[in-house]
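[1] Pasting the sequence and the predicted coordinates here, then a few questions.
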Amino acid sequence: MVGLGSIGARHLNNLHTLGVHELGVVRTRNHPPPKEIIPKNITVFQDLDLALTQKFDLVVVANPTSFHLETLIKALKTGAHIYVEKPIAHEEQSVYELAPYLTSHVSKVLVGCQLRMHPGLQKINEWINQDKLGKVYSVQVDLGEYLPDWHPWEDYRQSYAARADQGGGVVLTLIHELDYLHWLFGKPKAIYAIGGHRTSLELTAEDMALITFETVQGVCVQLRMDYWRKPPVRHMNIVAEKSIVDWDYPTRLTTLKQNGQILDQIELPPAWDRNDLFLSMMREFLEGLSRESLPRVTLQDGIDVLQTALAAKKSIRTHQVVTL
């Protein structure tokens, strides 16, 4: 486990829950990790290179975004399998540096876009494959969360999500939306975005973005995202030839409607927990390591969605349409 912030601790405990008990942690901060957030008998390393000499079978990259690429490449060189947190990098150079590893059959790489495990989004994918939507005309996605509430125990201004120098900002930090839009509707042909640092939050990265694009499949998409709203909002509406689809993460409800009548829906039970997404993603990855199957979100998927995100950030800076 490289990095022991909140997401690293989550993955570490989930691996332990899944029966993986030979675990090591790379933590470069000077103070030791809080004992209550990690299982017992975990080996703690202060140096990544030293840890990688131990030939772990799986490396989980969970350090700040700006370190993902360097850590990922070092892990790939050892032949280990890798679970890398999204996004895989924060700069365009990653596309070129990772190219030699795209055809490698030594390591399996899973990008941690765990929303693909969400039962509601999987149901929408099923409806699409069953042709219950017909031609998809447009998609609107709305996402807002108040950044200072993410980790109340720390100063949000120092978090990677708030800092441009660590690859932060809403576009990269909340890249899950772009990932599932790629998955369900295809990659963008060109992209236009406006936004930037628009709220009173004290940060150096963008805290709002409005992104518009048309996919290669001809679907018109609008995505709004910010670090400001309370309570959190995460919603998708799909307008299609045969039906209308609504996915609402906070209410746990996904519906398929035709002429105002509900044709199908899925509602998650009160006992459902967000960590189920992480657990199911890691479980599936571990079970697939001994098979020929590809990970659910491949390294190429991670590169594709990173290019979309970087194009959006470029459009915000230049006020121009960016072709992909």
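    Perfect, I can see it now. Predicted model only: the values in this text are computed from it and were never measured.
[2] Can you name every helix or strand that the least confident helix or strand in the chain by mean pLDDT contacts?
    Lowest on mean pLDDT, DSSP states H and E among the helices and strands of the chain sits helix 93-98, with a mean of 88. Helices and strands touching helix 93-98, by 3 or more C-beta pairs under 8 Å, 6 or more residues apart in numbering; DSSP states H and E, are helix 68-78, helix 299-318. (C-beta placed from N, C-alpha, C; glycine too.)
[3] Quick one, which of the ones you listed gets closest to residue 143.
    Taking C-beta to C-beta, helix 299-318 is the member of these nearest to residue 143, at 13.3 Å.
[4] which is the next helix or strand following the closest one?
    Going down the chain from helix 299-318, the next helix or strand is strand 322-323, by DSSP states H and E.
[5] now residue 50: how far from residue 140?
    48 Å (C-beta to C-beta, to the nearest Å).
[6] got the contact list for stretch 254-270?
    The contact list for stretch 254-270, computed with C-beta atoms under 8 Å, 6 or more residues apart in numbering, reads 119-121, 123-124, 127, 132-133, 242-248, 252-253.
[7] Quick check: end-to-end length of that stretch?
    Taking C-alpha to C-alpha, to the nearest Å, stretch 254-270 runs 15 Å from one end to the other.
[8] And it, how far out from the chain middle?
    26 Å (C-alpha atoms, centre = their mean, to the nearest Å).
[9] quick one: stretch 73-85 to chain centroid distance?
    With C-alpha atoms, centre = their mean as the basis, stretch 73-85 stands 18 Å off its chain's centre.
[10] for stretch 120-131, same thing?
    Using C-alpha atoms, centre = their mean, the distance from the centre of stretch 120-131 to the centre of the chain it belongs to is 20 Å.
[11] Same question for stretch 115-127.
    15 Å.
[12] Repeat that for stretch 109-120.
    Distance, centroid of stretch 109-120 to centroid of chain: 7 Å (C-alpha atoms, centre = their mean).
[13] Is there a neighbour count for residue 155? I'd like the number.
    10 (other C-beta atoms under 10 Å).
[14] if we can go back for a sec, okay if I get the helices and strands packed on helix 93-98 as a markdown table plus mean neighbour count, distance to residue 15 and mean pLDDT?
    Formatted as a markdown table, these follow (neighbours: other C-beta atoms under 10 Å; distance: least, C-beta to C-beta, whole Å; pLDDT from 0 to 100):
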| stretch | mean neighbour count | distance to residue 15 | mean pLDDT |
| --- | --- | --- | --- |
| helix 68-78 | 20 | 16 | 96 |
| helix 299-318 | 21 | 21 | 97 |
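[15] Report the residue ranges of every domain in this structure.
    6-114, 116-267+298-323 (automatic domain parsing).
[16] In this structure residue 213 contacts residue 188, no?
    Yes. Using C-beta atoms under 8 Å, residue 213 makes contact with residue 188 at a distance of 3.7 Å.
[17] Please enumerate the shared neighbours of those two.
    By C-beta under 8 Å, 6+ apart, the residues touching both residue 213 and residue 188 are 221, 308.
[18] which residues touch the residue nearest to residue 101 when sequence neighbours are not counted?
    Once flanking residues are discounted, residue 101 sits nearest to residue 76: 5.1 Å by C-beta to C-beta, 6 or more residues apart in numbering. By C-beta under 8 Å, 6+ apart, the residues touching residue 76 are 82, 101, 104, 107, 109.
[19] out of the residues you listed, who has the most neighbours?
    residue 109 (28 neighbours).
[20] how far is stretch 172-192 from where the chain is centred?
    On C-alpha atoms, centre = their mean, the centre of stretch 172-192 falls 11 Å from that of its chain.
[21] related to what we said a few turns ago, contacts for the least confident helix or strand of the chain next, please.
    69, 72, 73, 88, 89, 299, 303, 306, 307.
[22] what's the neighbour count on the fifth one?
    For residue 89, the number of neighbouring residues by other C-beta under 10 Å comes to 25.
[23] Surely it and residue 67 touch.
    No. If you go by C-beta under 8 Å, residue 89 and residue 67 don't touch, sitting 9.5 Å apart.
[24] now for the contacts of helix 93-98, which pair is the farthest apart?
    Across the contacts of helix 93-98, the longest distance by C-beta to C-beta is 17.8 Å; it joins 73 and 307.
[25] Now residue 84: which helix or strand?
    Residue 84 belongs to strand 81-85, assigned by DSSP H and E.
[26] What distance do you get for the residue in the chain sticking out farthest from the centre to residue 66?
    Within the chain, residue 259 marks the point farthest from the mean C-alpha position, 33.9 Å out by C-alpha atoms, centre = their mean. Counting by C-beta to C-beta, the gap from residue 259 to residue 66 is 49 Å.
[27] Identify the residues contacting residue 223.
    140, 141, 143, 177, 178, 181, 209, 210, 211, 212.
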